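>>> just coords:
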Ligand code: SF4
Ligand code: MG
C-alpha cells in the first residue's frame with residue numbers, strides 16, 4: 001500500500017474573542033484503500049481535521065499551519081476550479097446531519113444527476129442512469145420511485161443512504177465521514193456501517209471515519225487514530241488498540257468500557273475534563289487526568305513516538321530512556 005493522504009504537523013487556530021488552538025500538530029497518513037477511524041471526545045479535533053482536508057474551515061479567523069498532501073498534491077494550496085474539482089471527484093464528505101449535504105428543494109435523483117453532469121460532463125440521460133445506479137448501490141428500496149423523492153419524504157436511515165449515494169456518485173478516492181451513523185438507532189446504524197464497508201471495498205476508496213464510539217470504530221476501521229485535545233495520542237490497528245492500548249488515555253477509554261469494545265460506549269467516563277485549548281499545549285495535554293503522570297509530563301509535550309508501521313504513541317512512558 002502507499003499513502004493517499006499525508007497530514008504533517010497540522011495546526012489550526014481559531015481567533016475571536018478567545019483564541020482556540022483546535023489542532024496542535026496532527027500527523028497522520030492514510031493508505032490507499034484503508035479505513036482509518038478518528039476516535040475521540042467532542043472537541044478533540046476530529047471534525048476540524050476532516051474539514052481541513054476539504055478546506056471547509058471558515059477563512060478569516062482560521063490560521064492553518066503544517067501540510068496536507070493528497071496523492072502528492074498540496075491540499076491547502078488548492079483554489080478556485082482546482083478546489084471545485086477536488087471536492088466530489090477526489091474527496092467527498094458525509095455528515096451526521098444529512099441536511100448539510102442534501103438540498104431540501106431538489107429531488108434526490110436531480111441532485112445526483114446535476115452533480116455528475118457538473119463534474120463529469122455526462123449527458124442528462126447518462127446522469128439520470130447514474131443516479132438510479134447509485135440509489136441501487138446504497139440499497140434504497142424501490143429506487144426508480146425514490147429518484148423523485150425530496151429529502152423530507154424519506155426516513156432518517158434512507159436520507160443517510162441518499163447522502164452516501166450523492167457523496168459517492170463521482171467515485172471519490174477518499175471519503176470523509178463525520179459521525180454519519182450517530183443519530184441513527186442501533187439496527188439502522190449497523191446496516192449503514194455494513195453498507196459503507198461494502199461500498200468502500202467495491203470502490204477501493206480510502207475512508208477517514210470520525211466517531212466517539214469505540215464499537216463503531218471496531219465495525220468500520222482497519223486502523224484507529226485516538227485524538228485528545230487537538231492531537232493524536234495513539235495510532236494502531238483495531239486489534240492493537242483493543243488488545244494492547246499503550247497511551248493512558250486509550251487505556252482509560254477501554255477500561256471505561258468493560259468488555260473492550262461495547263457498542264455505544266461513551267468516551268466521557270474518565271474523571272476530569274480535557275483542557276480548554278485556549279493556549280497551545282506545552283505539557284502533555286492528558287497530564288491533569290493521567291493516573292500515572294510524573295513531573296516530566298508537565299515539562300514538555302511528548303511527541304508521537306513511532307512503534308512500527310502505522311503504530312505510534314505520544315507518551316513519555318514510550319520513550320526509550322524511560323523503558
Ligand atoms: Fe500520562 Fe505522562 Fe504519558 Fe501524558 S506523557 S499520558 S501524563 S504518562
Ligand atoms: Mg465533531
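Right, received. Where do you want to start? What you see is a predicted model; the values in this text were computed from it and never measured. Numbers count the residues shown, from 1 in each chain. Ligands and ions are numbered 1, 2, ... in the order given.

>>> Only C-alpha atoms from now on, for both contacts and neighbour counts.
OK.

>>> Any residue of the helix or strand of the chain with the lowest mean pLDDT touching ligand 1?
Between all helices and strands in the chain, the lowest mean by mean pLDDT, DSSP states H and E belongs to helix 248-255, at a mean of 90. Yes. Helix 248-255 lies within reach of ligand 1 by CA under 6 Å from any ligand atom, at residue 248.

>>> Identify each buried residue in that helix, please.
248-254 (16 or more other CA atoms under 10 Å).

>>> can you check stretch 176-191 too?
176-182, 188-190.

>>> Could you do stretch 71-91 as well?
75-76, 83, 85-91.

>>> Just give me the closest of these to ligand 1.
residue 76 (30.6 Å; CA to the nearest ligand atom).

>>> The closest one and residue 18, how far apart?
According to CA to CA, to the nearest Å, residue 76 and residue 18 sit 25 Å apart.

>>> cool, residue 103 as well?
On the measure of CA to CA, residue 103 and residue 18 end up 34 Å apart.

>>> what does residue 298 give?
Distance of residue 298 to residue 18, given as CA to CA: 24 Å.

>>> Ok, residue 5 next?
Counting by CA to CA, the separation of residue 5 from residue 18 is 31 Å.

>>> which of those two has more neighbours?
For residue 5 and residue 18, the more surrounded residue by other CA atoms under 10 Å is residue 5, and the numbers stand at 21 against 10.

>>> give me the residue from the stretch 151-300 of the chain nearest ligand 1.
Proximity of the stretch 151-300 of the chain to ligand 1 (CA to the nearest ligand atom) peaks at residue 287, 3.5 Å away.

>>> On the pLDDT front, check that residue for me.
Residue 287 carries a pLDDT score of 95 in this model.

>>> does residue 25 count as helix, strand or coil?
Judged by DSSP: H, G, I helix; E, B strand; the rest coil, the three-state class of residue 25 is strand.

>>> Excluding covalently adjacent residues, which one is nearest to it?
residue 9 (4.1 Å; CA to CA, 6 or more residues apart in numbering).

>>> Run a quick neighbour tally on that neighbour.
16.

>>> Ok, residue 294 next?
Number of residues near residue 294 (other CA under 10 Å) recorded here: 12.

>>> who's in contact with it?
Not one residue lies near residue 294 by CA atoms under 8 Å, 6 or more residues apart in numbering.

>>> quick one, phi/psi of it?
phi -130, psi 180 (degrees, to the nearest 10).

>>> what's the spacing between it and residue 316?
9 Å.

>>> Equivalent analysis for residue 290, please.
12 Å.

>>> More neighbours: which of those two?
Neighbours per residue (other CA under 10 Å) separate residue 290 from residue 316, with residue 316 holding more: 22 against 18.

>>> and the residue lying closest to the more buried one once chain neighbours are set aside, how many neighbours?
Among residues not flanking residue 316 along the chain, residue 302 sits closest, at 5.7 Å (CA to CA, 6+ apart). For residue 302, the neighbour count with other CA under 10 Å is 21.

>>> Where does residue 302 sit: helix, strand or coil?
Residue 302 ends up coil, using three-state DSSP.

>>> Next step: the buried residues of stretch 71-91 restricted to strands.
Counting by DSSP state E, the part of the buried residues of stretch 71-91 found in strands is residue 91.

>>> Which two among the buried residues of stretch 71-91 are spaced furthest apart?
Farthest apart among the buried residues of stretch 71-91 by CA to CA are 76 and 89. That separation is 17.1 Å.

>>> May I have the predicted confidence score for residue 73?
For residue 73, pLDDT reads 95.

>>> Bridged to it, which residues?
residue 70 (DSSP bridges).

>>> just residue 64 next, same as before
residue 12.

>>> Hmm, residue 15 and it touching each other?
No. Here residue 64 lies out of contact with residue 15, judged by CA atoms under 8 Å, at a distance of 11.3 Å.

>>> Could you pick out the longest helix of this structure?
helix 186-203 (DSSP state H).

>>> Any chance of the backbone angles for the closest residue to residue 281 other than its chain neighbours?
Excluding the flanking residues, the one nearest residue 281 by CA to CA, 6+ apart is residue 301, at 6.9 Å. Dihedral angles of residue 301 (phi, psi; degrees, to the nearest 10) stand at phi -80, psi 120.

>>> ditto for the one 4 residues further on
For residue 305, the backbone dihedrals are phi -100, psi 120 (criterion: degrees, to the nearest 10).

>>> got the contact list for it?
312-315, 318-319.

>>> what's the distance between it and ligand 1?
From residue 305 over to ligand 1 the distance is 11 Å, taken as CA to the nearest ligand atom, to the nearest Å.

>>> Could you tell me how many residues sit around residue 299?
11.
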